[in-house]
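Chemist: show me how the following folds:
(one chain, ligands or ions: 1)
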Amino acid sequence: MMDVQKLEETARELVAPGKGILAADESFGTIGKRFEAVGIESSEESRRAYREMLFTTEGIGEFLSGVILFEETLRQETSDGTPMPEVLKSAGVIPGIKVDKSTVDLPLSEGEKFTQGLDGLGERLPEYRDLGARFTKWRAVITIGDGIPTKKCIDANARALALYAAFCQDHDLVPIVEPEVLIDGDHSIERSYEVTEWTLHTTFDHLHEHGVEFSGMLLKPNMVISGKDAPEQAGVEEVARATVECLLRCVPAAVPGIVFLSGGQTDLQATAHLNAMNSLYEGLPWELSFSYARALQGQPMEIWGGDAGNVGAAQKAFHHRAKMNSAARSGSYSEDMEAA
Ligand code: 13P
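Modeler: Below you'll find the predicted structure:
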């Protein structure tokens, strides 16, 4: 039986003031692409060394409440033989794990994706717990395009998210429910709003139907934002307002926190948008925080470049980015801080 109090405590710890989550759970395919773009060869050892660089950055526990790991990393050790989850715990950071098995093409629906990984999930979870994980993540992908998304795509993904969350709570692991409406395309911010609202309503409908306890989960949504290739790009304040207004209409107040994905925004945009939301609104029912992958790792990965000699400089860049996003948690970030 689920321990609601424990789930809620962990969920609240993950959205503690001034702290957010690092998503370092790139699958083999994704980390391969990111590494290739900056000239790093992807191997078990390079992935291990890269993640050791991130996790051993001095003082990150001040800005990070949790790190989402890929299953491979959960079982790896640092060069001095310490298990990765232990390294995080000693830094005051909660280890989590991505438990979905990535997307496949949604059958009979051109251009849409379905996230798999439910088979055997209930058997995998106790082992992840034993290895030190206290929370999990599942990402669903919704694409905007000609005639898409379809209702069947949103329904299928929302149902899978709800089942995933129910399995996790049943094993006392806090689920991070991530229905990502992609930034790819030339759609307007209004279209992003419409699709995000539809997706979130459907997701919470299914979560409720499956008995998921809202106080013991976190939501990881996209921001409501112009498509990457849209001719007109909404400004920072417009994105912040559209996002919060959309969330106010869809997300129950019992959910302790909303931890955004960066989704292809630049590092500075992702920080500025979160900062604007937290400075424009007071007294929101949930914490507004971050769970960024690309917007926290872009620079450090490029600086590291697979070379042990660059660890110090890469860690400095990572520390800085985490600190900027920590400031955005309270709306106290400004662009002048980037130079400091
Ligand atoms: P981005 O911040 O790069 O969008 O990644 C977040 C994430 O974990 C996607 O699943």
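Chemist: next up, the contacts around the residue of the stretch 101-250 of the chain found nearest the ligand.
Modeler: Closest approach between the stretch 101-250 of the chain and the ligand, counting by C-beta to the nearest ligand atom: Arg139, at 4.1 Å. Heads up, the C-betas are built off the backbone N, CA and C, glycines and all. Contacts here follow C-beta atoms under 8 Å, 6 or more residues apart in numbering; on that basis Arg139 touches 98, 100, 115, 178, 180, 220.
Chemist: where along this protein do the strands fall?
Modeler: For the chain, applying DSSP state E gives strands covering 20-24, 64-69, 94-98, 103-105, 113-115, 135-142, 174-181, 218-219, 257-260, 287-292.
Chemist: can I get those in a markdown table including distance to Arg12?
Modeler: Written out in a markdown table, the entries for the strands of the chain read as follows (distance: least, C-beta to C-beta, whole Å):
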| stretch | distance to Arg12 |
| --- | --- |
| strand 20-24 | 13 |
| strand 64-69 | 10 |
| strand 94-98 | 11 |
| strand 103-105 | 30 |
| strand 113-115 | 27 |
| strand 135-142 | 12 |
| strand 174-181 | 10 |
| strand 218-219 | 10 |
| strand 257-260 | 8 |
| strand 287-292 | 8 |
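Chemist: can you list the weak-confidence ranges in this protein?
Modeler: Judged by pLDDT under 70, the chain has no weakly predicted residues.
Chemist: roughly how far apart are Val311 and the ligand?
Modeler: Applying C-beta to the nearest ligand atom, to the nearest Å, the value for Val311 to the ligand is 22 Å.
Chemist: who are the neighbours in contact with that residue?
Modeler: With C-beta under 8 Å, 6+ apart as the criterion, the residues that contact Val311 are 53, 304.
Chemist: and the most centrally placed residue in the chain, what are its bridge partners?
Modeler: Ranked by distance to the mean C-alpha position of the chain (C-alpha atoms, centre = their mean), the top residue is Ser291 at 3.8 Å. With DSSP bridges applied, the residues forming beta bridges to Ser291 are Ile21.
Chemist: try Ile142
Modeler: When Ile142 is checked against DSSP bridges, its beta-bridge partners turn out to be Val181.
Chemist: neighbours of it, how many?
Modeler: 24 (other C-beta atoms under 10 Å).
Chemist: so what's the residue of the stretch 1-150 of the chain found nearest the ligand closest to, chain neighbours aside?
Modeler: The ligand sits closest to Ala23 of the stretch 1-150 of the chain, with a gap of 3.3 Å, by C-beta to the nearest ligand atom. Nearest non-adjacent residue to Ala23, counting by C-beta to C-beta, 6 or more residues apart in numbering: Ala293, 3.9 Å away.
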